[in-house]
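A.B. asks: Sequence and predicted structure below; questions after.
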Amino acid sequence: MNIPHPTDPRIVIVGGGFAGLELAKSLANKPFQVILLDKNNHFTFQPLLYQVATGGLEPNSIAYPLRRKFRNAKNVHVRLAEVHEMNPHLNILSTSIGDIQYDYLVIATGSQPNFFGLDKTRLLPLKSVPQALQMRNHVMRQFEKAAVAKNEAERSAYTNFVVVGAGPTGVELAGALGEMKRYVLPKDYPELDFSIMNIHLIEGLDSVLSAMSGKSSVDAKKALESLGVEIHLNIMMVSRSK
Ligand SMILES: Cc1cc2nc3c(=O)[nH]c(=O)nc-3n(C[C@H](O)[C@H](O)[C@H](O)COP(=O)(O)OP(=O)(O)OC[C@H]3O[C@@H](n4cnc5c(N)ncnc54)[C@H](O)[C@@H]3O)c2cc1C
């Protein structure tokens, strides 16, 4: 990894997300050798992924290089590496760029999406910048197809969107699609009648934002409906067999 042998205790942090990055920042210029490993060379501000997915922000607004944070911290070494395995008996990590020994190990690798049993090969997840761009490209491609569709039925099929899950991300995404429909798309696609665009938000529980306060839930539902989002509660999505 081309990292000098440490004179101070070595702390290896796996994951440069909110947790790993914050810890590395707090250890900058302290008497430790800090090695920050991440399979991406940038931090991703996940709360605004939906803005990238709907064209409101460019990727560089929510992703920034991990190394830049530590320009003035000589004790922090950042490496692009995927961690595959750890040996807690020998204090060794195996990574895509080789093995590394540690005195202290911090695993801050975040979480994996839960697809609730749905066929994930047929879904567009939203957990990284490439996934947000994939979603953005998919959405914009539907409007390009609608713009040259032969008839109303075909046009309507390209402009139906279904967001599954009315937690914070689903609510933000459905709302952003509603804002696109009202304020952005009619200007970019004057040849299309956007009254045919439908946005459905499907939720298995009996309210949107069910983990938040009753007031937030009621207000969010009202705001979404005012943007033309059709909300379907108490409905669980299932995958149909291919
Ligand atoms: C779409 C979306 C919207 C969200 N909105 C909000 C919000 O509005 N408010 C809020 O409080 N929270 C929100 N969250 C949740 C919040 O982003 C997470 O709680 C937070 O990112 C968790 O931080 P973390 O450091 O534990 O993990 P992460 O930020 O996920 O970081 C984990 C890091 O580990 C790296 N990594 C993983 N495995 C390996 C490996 N094997 N080797 C090397 N590197 C690895 C990853 O590349 C990543 O950089 C949202 C999450 C998503 C996905």
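C.D. replies: Right, received. Where do you want to start?
A.B. asks: Tell me the confidence at M1?
C.D. replies: Looking at M1, its pLDDT stands at 87.
A.B. asks: mind checking how far it is from G98?
C.D. replies: Counting by C-beta to C-beta, to the nearest Å, the separation of M1 from G98 is 6 Å. All C-beta spots, glycine's among them, are computed from the backbone N, C-alpha and C.
A.B. asks: give the contact list for whichever residue of the chain sits closest to the ligand.
C.D. replies: Proximity of the chain to the ligand (C-beta to the nearest ligand atom) peaks at G17, 1.8 Å away. Contacts for G17 were tallied using C-beta atoms under 8 Å, 6 or more residues apart in numbering; they are 38, 43-44, 46, 108-110.
A.B. asks: among those residues, which are in helices?
C.D. replies: Within the contacts of G17, no residue falls in helices by DSSP state H.
A.B. asks: can you pick the most crowded of the residues you listed?
C.D. replies: When neighbours are counted by other C-beta atoms under 10 Å, D38 leads the contacts of G17 with 24 neighbours.
A.B. asks: Could you say whether the nearest residue to that residue once chain neighbours are set aside sits in a helix, a strand or coil?
C.D. replies: Nearest residue to D38 in three dimensions, chain neighbours excluded: G16, at 3.9 Å (C-beta to C-beta, 6 or more residues apart in numbering). Of the three states, G16 takes coil under DSSP: H, G, I helix; E, B strand; the rest coil.
A.B. asks: So which bits of stretch 168-178 are buried?
C.D. replies: Neighbour-count burial for stretch 168-178, counted by 16 or more other C-beta atoms under 10 Å, picks out 168-178.
A.B. asks: Restricted to helices, list the residues you listed.
C.D. replies: Reading helices off the buried residues of stretch 168-178 with DSSP H, I get 168-178.
A.B. asks: ok, which of these also contact the ligand?
C.D. replies: Contacts with the ligand within these, as defined by C-beta under 6 Å from any ligand atom: 168-169.
A.B. asks: mind giving me CSV with the ones in helices among the buried residues of stretch 168-178 and columns for pLDDT?
C.D. replies: Formatted as CSV, these follow (pLDDT from 0 to 100):
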residue, pLDDT
P168, 94
T169, 93
G170, 94
V171, 97
E172, 96
L173, 95
A174, 97
G175, 97
A176, 96
L177, 96
G178, 96
